[in-house]
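Colleague: Structural data only, the sequence is not supplied:
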C-alpha cells in the first residue's frame, strides 16, 4: 500500500480561503465526490450543509486515481458540491487494488494472495483495519498540516474507513480540536451478521471507546445501530444521534411513467452489487419463476445498474456471471449510472427491487430513494431487517418475505399488480411517506446541533470540552436526555 | 491474454471478448489447459495451448517438477515461439487470473511497449485509453525499448540463488552423506558459533534426515546432539532429537532428551493453535502426551520423573498455549442439586470397563430402598462408539472448545444424566474425561482416581469445572495429583476427598498353618511397580540367618512383552528365581481365585512396590493374620503423605535389610508372631473393612456435600 509518505512531502494543499470570521471545519470524508460511491451522497450533503450553516469546510479525501481503481469517478456528483467547500485530495491509494502488473514485484506476481495477506497483516500492525490501517501515518500528518495551515474549530470524521479515527485522535491529542464522529454503520456492531464485531477489550474496542468518549456528537444511520451504541456505552448515550441517509430530491422524477397494458414492465435495481451471491441468486430465481408464471410480467425486464466488483474483478465476479446467465429472463446489466442520470433511470422504471444484505442493524441508503420514487418496492432481504421498519408504512411495498425464491416470486407478482393497478393517488401517498427522509431534512438539524454545541464554547481553537449549557439545550430540544 | 486456469465465469469472459471485438481489438489467449474447455470463446479469440511438458521433453519435465506451481506457466510460455511473437506485437497484455500473473509480469518486462494489466475491466480501460490517443503510444520511448533492466537484475539474482540452492542441496543430500569427511564437516558446522538460528535449524534438519536416509544413524545422532546445544527453537530441537528419543524408548531407557522432544511437539501445537487450527495442533499434543506419559518413564521403572517433581516435570505442558487451552474451564450452567427428600436418590454408575473396585459399592446402594441405581454399561453397542478413538477426540474437543463428539456424548448419555441425581465414575480415565465434554445439568458428578491415572494424560483431558467431587483412595495420591494437575486447585475445580477402597476384609480372616511363620507372601506381580526383586532381596537377607524362610508369590507373572524395560527386569527376575526356586525358597502359585486359601500358609505379607495407591493385597494379607511388612514406597517416600503415614509406622521399612530385621523380630517366636498378626488383622478390620468405610461412602453419596474440599 502507498501510505503516502513520499508523496505527502510534496503535497500542495489548496490555498486556504480567507473568509473573515467563519469558523473552520475539517471534514475527513474518504469517499467524497467525485468518488462514485453511495457514501459520497451523504458526504456531499454534509459538507454543503455545514457550508450553508456558516462554516468554512475543508473536505479531506484521496486522489481520483484511487477511486479509478475501485468503483470509478462520477463528476456529476462533484458538480453538486458547494463551491465554498475546499477539497483536499491526499495521495493515498489502495495497493491491494493495483491492476498495473508492471507495478507488481515478482514476489507479488508469483503469490498474489500471499502478498495481499502480508499487506493486511502489515496494515493491522499500524491500525486495526486490514485494508486501510497503513494509511494512519499519512492521515495523521495530513490533518495536522491542514490544521496548521488554517486552524480548525471542528473536525467531522466519517467512517469507514475507520483509520480516520486515528487521525481524528491525533488532532484531538495535539490540538484539542473538538470532533464529531459520523459513524454511519458503526464499527463494533456487525451489521451483516447481527452481533458484536469485536469485544471492548480488543485493540479496535479500545480505539472505539477512546474516540467516542471524547467526541462531542456521534451520528449513526439508523435507530438499531444507535441503540446498540447507547447500550454498549450508556455513559455516552446523550451524544448519540440518528442521522439517516435519506434521499436526494434531485434524483427523483416528479411523476412515475404511466403503465399501459401493452407495454412490458421494467423492474430496476440501482446500487453496488456487493451482496452475498446466494441473495442475488434467490432474487434471479424468484424473478424467473414470476416472469414465467404471471402474464403481467410477460416480456418484463429487470434492469440491474451499479458497480459489480472492483479492480481486476470489476465486472468479473460471481455476481456478473449470474446476471449475464439470466439475460434470457430479461435481466439487463447496465453498469453504473452517474448521479445526474439517476432521475432518468427511475423515470423509466415501473417497480424497484431492494436487494440488501444484513439484518436488523442494516437499513441501506437506497430504501429512502426507492420510497421517494413512489414506485412499488420488492423487498429482497432478511425479514428481520431495518429496511422493513422503514418500509412498513409504505403503501406500495410487497412486504419482507425473506430470501426464499418462491416467496420472492410472489413478491414480484404483487409488485407487478401494484404497478398496473396503482392510481396516481396511491403513488402520491407513497411519495408523501418518503418526504420525511429527504437528505437535507436529516442533516440540517444534526448540523445545527453541532454548530450550536461548538459555538456554545465561544472559542475558535484549543476548544475545551463543550459547554454543558449549550449541549443540554440542544439535547433538550431533540427530546433526548 | 493469459489464462492460468479454466475460467469459472465463461459468460463474463465471452461477454468481454465480444466487447473487445466490437472495439476492433484482436484477442489472442494463451492457455495452460486445453482450449476446448472454453468452446464459447473459440469464435471470439485465437486460443492457444502453451506447450506441454510432454512436448518439451523429459529435462523440462524435471525442471517443471522442481519449480513452484506459480512459476510453471511461465516456464512453458518462455519456450513458446507463439507467445514471444504475439507478446512482442501486443498493445495490451492481460492476466485473466492469478495463475497467469507471473507469466504476464515476465512478458511485461520484456515487451515494454504494451500495457500490462490484471483483469478484464482494466484491459478494456487500457484499450480505450490507447484508442483515445494512438499517437502517444506510437512514439518510441526510451522506457519502452528492450527488456527492463529489472528483469536482468531479477534473473541474475534468481540464477545465483538457484545455483546456491543446487550446491547446498548436493552438499547436504543423501549421496554426500556417504562420505565420512562430509559428515564430519556438518557435525561441526551445525554446532559452530555465530550461525543464525534459522540456517542452523534448517541445515541441521536436512543433514540429519540425509544421514538417516544414507544409513548413518550414529552420525545423525551425533549431529543432532551437537546442534541442539546451540539451537533455541524447541520445534527444531524436537525434530532433531525425536529419532534418538524414540530409539532409547524402544530400548527401554528413559531418554535424557525426552522432555526436549515433548516441548518441541508442544511448540508445534502452539503454533497451529495460534493460527486457529486446532485440528493440526491435536496430533502434536497427542505425540507430546505419548512422550511425557510414556510407560518407560513412569510405569516400567522403579523411578518416575513425574513422581519426583510433578510441577516441574509437567511445567512445559501447563505453560504451553495448548495446555492452557485444554485447561480452560467451560463450567456448567447450573450447580449440582441434591435430590429432594420425597423421592429416592437416583445414582448412575459407569460400569463395564473395569469394575474391580466397584462391586461392594454397587451391592450396597442397589439394596438400599431409598436409592435407585442405574448402571451405564460402557461396553454396550449403543454406548461404545462415543468412546472410540476417545483420546484424539478429547484433544480436538479441548483445543477447539467444541466438537461433534461432545454432541454424540450428549445424545448417548444425556438421558441417563438427566435422570440421575448423582453420577459416579470409577477410574479417572477416558469415560470420566469424555463425560466432562458436556454440561451435566444439575447432576452431581463424582469421579474416583485410583493410581495409574495420575501418571497419565487423562486428568489433563478432563474439564474439572464440570466435576463436583474427586475421590482418591489415599492422601499421597491426592498430593501427587493436585501437584500434577494445577487446575484441580482452581476455584472452579472439584472438592477432593480421600475414601478408602471398598474391601470386604473380614472374608480373609482364617487359621494359619504352623509353617506359615516362615513364609513370606506377595500378592500381585503383574506390574513392574510391584518390584518382586525387592522381595527376593529380603528373602536372601533372611535366608542368610535362617534357611526356613521362603517366599510365596501369588498372582500372574509379569509379562515380558509389555516393554523392553519390563523384558530386562523379567530377565533379571528369572535369573534370581531360577536359583531360589530350585532350592524351594520361592514358590509361585500363579493366579488364584481363592486368595484366602492361598494366604493360609503365609505368615508375613509383603508390600514391595515402588508405588501404590493403597495396596489391597497387603491389607487382605494382614486381615488373614499375616504380619505386614511394607516398603516405604519410593515414589512417595519422604513426602508429607506416604506409606509411613498410611500404615502404622512399625509396618514400614526403608530397605530389604530393615525388612529382614522386622521379620526376624516378629517371627522370633510362635506366640509373638501370632500376636503381631492378630494385632495387624484387628487394625485393618477396624480401619478399612467395608463395614467401617461404607460410612464414608454414605457421607459422600447420600449427604449434601460440604463446601470445603
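Modeller: Structure received. Here the structure is a predicted model, which is why all the values come from computation and not from measurement.
Colleague: Could you find the closest non-adjacent residue to the closest residue to chain A within the stretch 101-250 of chain B?
Modeller: Closest to chain A within the stretch 101-250 of chain B is residue B:119: 2.9 Å, counting by CB to the nearest CB. Glycine gets a C-beta too; all of them are placed from N, C-alpha and C. In space, and not counting its chain neighbours, residue B:119 is closest to residue A:312: 2.9 Å by CB to CB, 6 or more residues apart in numbering or on different chains.
Colleague: pretty sure that neighbour is touching residue A:101, no?
Modeller: No - here residue A:312 lies out of contact with residue A:101, judged by CB atoms under 8 Å, at a distance of 9.8 Å.
Colleague: okay, and the common contacts of the two?
Modeller: In terms of CB atoms under 8 Å, 6 or more residues apart in numbering or on different chains, residue A:312 and residue A:101 are both contacted by the residues B:117-118.
Colleague: Name the residues of chain B found near chain A, please.
Modeller: Residues of chain B lying near chain A by CB under 8 Å from any CB of the partner chain: B:8-13, B:15-16, B:68, B:70-71, B:93, B:95, B:98, B:101-102, B:104-106, B:108-109, B:112, B:115-122, B:154.
Colleague: Just the ones of these in helices?
Modeller: In helices, defined here by DSSP state H, the members of those are B:10-13, B:15-16, B:101-102, B:104-106, B:108-109, B:120-122, B:154.
Colleague: ok, now which ones touch residue B:255?
Modeller: Applying CB under 8 Å, 6+ apart, one finds that residue B:255 lies in contact with B:244-245, B:248-249, B:261.
Colleague: which sections of the chain are below the confidence cut-off?
Modeller: No chain in the question, so chain A it is. Judged by pLDDT under 70, chain A has its weakly predicted residues at A:1-20, A:457-481.
Colleague: please go with chain B instead
Modeller: Within chain B, the segments meeting pLDDT under 70 span B:140-142, B:707-709.
Colleague: Selection in PyMOL covering whichever of the residues of chain B next to chain A are buried, please.
Modeller: What follows is the PyMOL syntax for the buried subset of the residues of chain B next to chain A, where burial is set by 16 or more other CB atoms under 10 Å in any protein chain shown:
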select buried, chain B and resi 9+10+11+12+13+15+16+70+71+93+95+98+101+102+104+105+106+108+109+112+115+116+117+118+119+120+121+122+154
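Colleague: So for the residue of the stretch 51-200 of chain A found nearest chain B, what's the nearest residue that isn't a sequence neighbour?
Modeller: With CB to the nearest CB as the measure, residue A:109 is the residue of the stretch 51-200 of chain A nearest to chain B, at 3.6 Å. Of all residues beyond its chain neighbours, the one nearest residue A:109 is residue B:105 (3.6 Å), with distances taken as CB to CB, 6+ apart.
Colleague: which residues touch the one you found?
Modeller: Shown in contact with residue B:105 (CB under 8 Å, 6+ apart): A:101-102, A:104, A:106, A:109, B:95, B:116.
Colleague: give me the number of residues near the closest residue to chain A within the stretch 201-350 of chain B?
Modeller: Among all residues of the stretch 201-350 of chain B, residue B:275 sits closest to chain A, at 12.0 Å; criterion: CB to the nearest CB. Under the neighbour criterion other CB atoms under 10 Å in any protein chain shown, residue B:275 is assigned a count of 10.
Colleague: Report the separation between it and residue A:117.
Modeller: Between residue B:275 and residue A:117 the distance, using CB to CB, to the nearest Å, works out to 12 Å.
Colleague: so how far is stretch B:185-195 off the chain centroid?
Modeller: Stretch B:185-195 has its average C-alpha position 33 Å from the chain's average C-alpha position, going by CA atoms, centre = their mean, to the nearest Å.
Colleague: buried stuff in that stretch?
Modeller: Buried residues in stretch B:185-195, counted by 16+ other CB under 10 Å: B:186-187, B:189-191, B:195.
Colleague: Any part of stretch A:261-279 near chain B?
Modeller: No - under the criterion of CB under 8 Å from any CB, stretch A:261-279 makes no contact with chain B; the nearest approach is 11.7 Å.
Colleague: Tell me the secondary structure at the residue nearest to residue B:119.
Modeller: At residue A:312 the chain is in helix, as set by DSSP: H, G, I helix; E, B strand; the rest coil.
Colleague: quick one on the thing from earlier: list the contacts of the residue of the stretch 101-250 of chain B closest to chain A.
Modeller: Under the criterion of CB under 8 Å, 6+ apart, the contact list for residue B:119 reads A:99, A:311-314, A:316, B:94-96.
Colleague: Most neighbours among these, which one is it?
Modeller: Within the contacts of residue B:119, residue B:95 tops the neighbour count with 31 neighbours, counted by other CB under 10 Å.
Colleague: show me the contacts for that one.
Modeller: A:101, B:1-2, B:4, B:101, B:103-105, B:116-119.
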